[in-house]
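# pasted the sequence and its predicted model underneath.
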Amino acid sequence: MQRNRITANLLVGLAVTAASGCVSVAPGPVPSPRPEATGPAQDVAPQIVQPPAREALEVVPDPSRPPARPSSPGRA
């Protein structure tokens with residue numbers, strides 16, 4: 001009895017999976033490009049921009065130096 005139940009569950013699951021994969025969309029007209037978009041082609045390659053190394057290193061604190069103490073206001 002257990003084997004029949006497992007087989008039935010497996011077949012129902014397979015049928016549901018097959019039915020959900022059989023979804024179609026009605027074909028429609030293909031949109032033509034707009035006249036404004038037919039100009040010169042643009043370069044769509046990704047632009048990798050790296051920050052200047054000196055400025056990037058100045059932002060990172062040096063672990064070998066002790067942290068700077070805040071300056072105290074001068075006496076008048």
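Looks like it came in fine.
# show me which helix runs longest in this protein.
Determined from DSSP state H, the single longest helix within the chain is helix 2-21.
# which strands and helices sit next to that one?
Helices and strands touching helix 2-21, by 3 or more C-beta pairs under 8 Å, 6 or more residues apart in numbering; DSSP states H and E: there are none. For glycine as for every other residue, the C-beta is placed from the backbone atoms N, C-alpha and C.
# which is the next helix or strand following it?
helix 53-59 (DSSP states H and E).
# now do that following helix, average pLDDT.
Across helix 53-59, the average pLDDT comes to 79.
# coming back round to it: buried ones in the longest helix of the chain?
In terms of neighbour count (16 or more other C-beta atoms under 10 Å), helix 2-21 has no buried residues at all.
# so, low pLDDT: which residues of the chain?
1, 22-24, 33-41, 67-76 (pLDDT under 70).
# kindly recompute the last result at 90.
By pLDDT under 90, the low-scoring segments of the chain are 1-4, 13-76.
# pull the CA atoms of stretch 42-56 into PDB?
Included here for stretch 42-56 are C-alpha records, laid out as PDB according to Å, rounded to 0.1, in the frame of the first residue of the first chain:
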ATOM      1  CA  GLN A  42      27.000  53.900 -28.800                       C
ATOM      2  CA  ASP A  43      29.800  52.100 -27.000                       C
ATOM      3  CA  VAL A  44      28.100  49.900 -24.400                       C
ATOM      4  CA  ALA A  45      31.200  48.300 -23.000                       C
ATOM      5  CA  PRO A  46      31.500  48.500 -19.200                       C
ATOM      6  CA  GLN A  47      33.700  51.300 -18.000                       C
ATOM      7  CA  ILE A  48      35.900  50.400 -15.100                       C
ATOM      8  CA  VAL A  49      37.000  53.400 -13.100                       C
ATOM      9  CA  GLN A  50      39.500  53.100 -10.300                       C
ATOM     10  CA  PRO A  51      40.200  55.900  -7.800                       C
ATOM     11  CA  PRO A  52      43.600  57.400  -7.700                       C
ATOM     12  CA  ALA A  53      45.900  55.300  -5.500                       C
ATOM     13  CA  ARG A  54      47.400  58.200  -3.400                       C
ATOM     14  CA  GLU A  55      44.000  59.500  -2.300                       C
ATOM     15  CA  ALA A  56      42.800  56.000  -1.600                       C
END
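# that's all I had, so thanks and see you.
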